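Trainee: I would like to see how this sequence folds:
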Amino acid sequence: MKLKSLLAKPFASYIYNRTRKSMQTALADQDAVLKSLLKTGRGTEFGAGHGFAGVADYAAFRQAVPVRDYEAFRPWIDKIKAGRHNVLWKGQPIYFAKTSGTTSGVKYIPITRESIPNHINSARNALLLYMAETGNTAFADGKLIFLSGSPELERVGGIPTGRLSGIVNHHVPKYLRTNQLPSYETNCIDDWETKLDAIVRETINQDMTLISGIPPWMQMYFDRLQEVSGKKIKDLFPNFSVLVHGGVNFEPYKARLFESIGSPIHSIETFPASEGFFAFQDTQTEEGLLLNTDSGIFFEFVPAGEIFNENPTRLSLHEVQVGVNYALVISNNAGLWGYNIGDTIKFVSTDPYRIVVTGRTKHFISAFGEHVIGEEVEQSLLKAAQESGAQITEFTVAPMIQQGKGHSYHEWFIEFEQRPADLERFAAQVNENLRQKNIYYDDLMRGNILLPLRITPVRKNGFIDYMKSVGKLGGQNKVPRLSNDRRIAEELVKFKA
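Mentor: Numbering: from 1, shown residues only. Predicted coordinates for the structure are as follows:
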């Protein structure tokens with residue numbers, strides 16, 4: 001056993017015991033987080049404007065601060081960019097995390113001195129809890145790769161600004177720097193395909209033990225390694241034992257990723273975003289991700305169907321129920337207050353508080369009142385794929401609205417790694433699965449308002465070529481699972497098989 005893995009053992013045990021205790025104090029921790037946030041917030045322009053001096057508890061906070069999305073927060077962000085201090089949080093942010101918004105264009109999310117530990121320590125704790133549970137510490141002695149955006153930062157209003165993954169790259173602990181790949185120079189390459197080739201050259205002969213990233217980009221990395229070497233990933237990297245993933249639902253990618261690897265290995269799921277690191281997988285044996293209840297983030301939960309209401313129902317952690325689809329709203333020590341992050345989650349446990357991510361608030365189809373969400377389409381497709389032996393590379397769904405009753409349908413654009421033997425039967429299976437999961441969709445079928453869904457196969461690498469054509473290949477960019485219009489669909493038609 002080498003030094004790093006040896007030293008990791010007692011630290012992993014310490015974090016494991018501390019996390020077990022925090023599971024029992026989650027509700028009290030959330031109350032304490034809100035109290036602490038309000039104390040600092042009273043000295044800010046936002047706090048003064050929202051009467052924080054008179055806000056002492058959650059009920060008063062809920063009355064004082066409405067739920068807002070980025071567009072509604074933009075005026076305060078613009079003040080920070082103009083050089084103002086004490087706007088949303090004390091002083092100024094130490095970074096802006098630059099991210100693409102679905103409707104808001106580029107978003108600038110503040111990261112403060114107080115909030116950066118949430119991003120760094122949560123990722124660290126996920127690995128340490130895995131070590132404590134499994135006893136696998138050996139991966140700490142090998143090479144680790146984090147497929148991420150460029151660490152190069154620009155300045156916006158004097159504040160260092162870049163992709164979250166690039167910002168976090170600057171805070172990788174020194175003891176991991178010698179293990180980390182790719183090199184800084186390679187990480188700074190902007191063009192994803194050029195960068196990918198450089199990553200392959202740097203890693204193909206290394207002892208890779210941990211690989212981390214968004215599933216579709218990890219798959220591209222694996223594909224390129226196999227093209228160059230002709231080998232399965234586990235044959236290339238015999239000591240590769242941990243796959244860390246986040247950003248999108250893992251299940252649609254899982255079968256193909258593990259086929260590329262060549263044998264089962266452990267995986268750790270995380271739920272990071274520019275606004276905060278919200279949850280992570282704390283065990284290999286239970287479903288769901290442990291909510292980060294004592295890390296500077298106060299969570300609220302809005303029943304997903306109400307998130308766009310003027311006065312939606314807002315619940316604290318005290319009031320949540322298992323199995324209900326909630327929009328996630330946060331307040332944090334980066335100065336976001338009542339902020340709708342755009343993700344929906346569902347609790348699978350309240351002892352401890354574990355969640356699964358179910359989709360995006362703006363990524364749904366409800367062209368006919370069906371309100372189909374990401375979790376429903378992913379599970380419907382996955383079930384049909386498992387039963388038919390099909391393998392899915394990528395997919396997205398959009399409505400096809402035709403004049404006249406019973407002429408419209410959902411169009412599924414799917415890139416297959418392994419196409420089903422009978423595509424029409426496969427489509428019928430997916431359609432039946434979706435009917436069972438969504439009663440409104442089923443009602444529209446029964447009423448002959450909607451035709452059964454149709455599948456448009458996308459050619460090999462079609463989604464990659466589509467992302468390239470819109471300037472979103474690589475980094476943290478993801479294809480939306482669902483759209484309520486045909487903007488993406490009309491572009492994907494160019495890449496059909």
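
Trainee: quick check: longest strand in this protein by residues?
Mentor: strand 339-350 (DSSP state E).

Trainee: ok but residue 329 is inside a strand, no?
Mentor: Yes - checked against DSSP: H, G, I helix; E, B strand; the rest coil, residue 329 lies within a strand.

Trainee: identify the residues contacting residue 272.
Mentor: 119, 122-123, 164, 246-247, 278 (C-beta atoms under 8 Å, 6 or more residues apart in numbering). Any C-beta I mention is one placed from the backbone N, CA and C, and that applies to glycine too.

Trainee: follow-up on the earlier one: so what touches the helix or strand following the longest strand of the chain?
Mentor: Using DSSP states H and E, the next helix or strand after strand 339-350 towards the C-terminus is strand 353-360. Contacts with strand 353-360, where a contact means C-beta under 8 Å, 6+ apart, come from 23, 26, 102, 249, 271, 279, 282, 286-291, 293, 304, 317, 320, 325, 342-348, 373-375, 480-482.

Trainee: name the nearest residue to residue 450, sequence neighbours excluded.
Mentor: What sits nearest to residue 450 in space, not counting adjacent residues and going by C-beta to C-beta, 6 or more residues apart in numbering, is residue 444, at 4.3 Å.

Trainee: which element, helix or strand, includes residue 364?
Mentor: Residue 364 belongs to strand 364-365, assigned by DSSP H and E.

Trainee: packing partners of that strand?
Mentor: strand 372-373, strand 391-400 (3 or more C-beta pairs under 8 Å, 6 or more residues apart in numbering; DSSP states H and E).

Trainee: which of those sits most buried?
Mentor: Mean neighbours per residue, mean count of other C-beta atoms under 10 Å, is largest over these for strand 372-373, with a mean of 24.

Trainee: show me what that strand packs onto, helices and strands only.
Mentor: Using 3+ C-beta pairs under 8 Å, 6+ apart: strand 372-373 touches strand 364-365.

Trainee: mind listing what the strand it packs on pairs with, with the direction of each?
Mentor: Looking at strand 364-365 with DSSP bridges, its partner strands are strand 372-373 (antiparallel).

Trainee: and whichever helix or strand comes after the partner strand, what does it pack against?
Mentor: Using DSSP H and E, the helix or strand that follows strand 372-373 in sequence is helix 374-388. In this structure, helix 374-388 makes packing contacts with helix 251-261, strand 353-360, strand 391-400, helix 423-437, judged by 3+ C-beta pairs under 8 Å, 6+ apart.

Trainee: now the longest one: buried residues?
Mentor: For helix 423-437, the buried set under the neighbour-count rule, 16 or more other C-beta atoms under 10 Å, comprises 423, 426-427, 429-435, 437.

Trainee: in CSV, list those residues along with pLDDT and distance to residue 108.
Mentor: Listed next are these as CSV, based on pLDDT from 0 to 100; distance: C-beta to C-beta, whole Å:
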residue, pLDDT, distance to residue 108
423, 96, 44
426, 97, 43
427, 95, 42
429, 96, 44
430, 95, 39
431, 96, 42
432, 95, 44
433, 94, 40
434, 95, 37
435, 94, 42
437, 88, 37
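
Trainee: nearest to residue 19 among the residues you listed?
Mentor: Residue 19 lies nearest to residue 437 out of these, by C-beta to C-beta, at 33.3 Å.

Trainee: so that closest one touches residue 376, yeah?
Mentor: Yes - look at residue 437 against residue 376 with C-beta atoms under 8 Å: they come within range, at 4.5 Å.

Trainee: the top helix by length along the chain - what's its average pLDDT?
Mentor: In terms of residue count, the longest helix belonging to the chain (DSSP state H) is helix 3-24. The average pLDDT within helix 3-24 is 87.

Trainee: and what of stretch 125-140?
Mentor: 94.

Trainee: tell me the domain ranges of the chain?
Mentor: Following the TED database, one finds the domains of the chain at 1-361, 364-495.

Trainee: lowest average confidence across those domains, which one?
Mentor: Ranked by mean pLDDT, the domains of the chain end with domain 364-495 at the bottom, a mean of 88.

Trainee: contacts only, for residue 285.
Mentor: If you count contacts by C-beta under 8 Å, 6+ apart, then residue 285 has residue 133 around it.

Trainee: for residue 471, grab phi and psi.
Mentor: phi 70, psi 30 (degrees, to the nearest 10).

Trainee: hmm, residue 26 is touching residue 293, no?
Mentor: Yes - counting by C-beta under 8 Å, residue 26 sits close enough to residue 293 to count as a contact (4.2 Å).

Trainee: what is in contact with those two at once?
Mentor: Joint contacts of residue 26 and residue 293 (C-beta under 8 Å, 6+ apart) are 317, 353.

Trainee: and residue 109, what are its bridge partners?
Mentor: Going by DSSP bridges, residue 109 forms beta bridges with residue 97.
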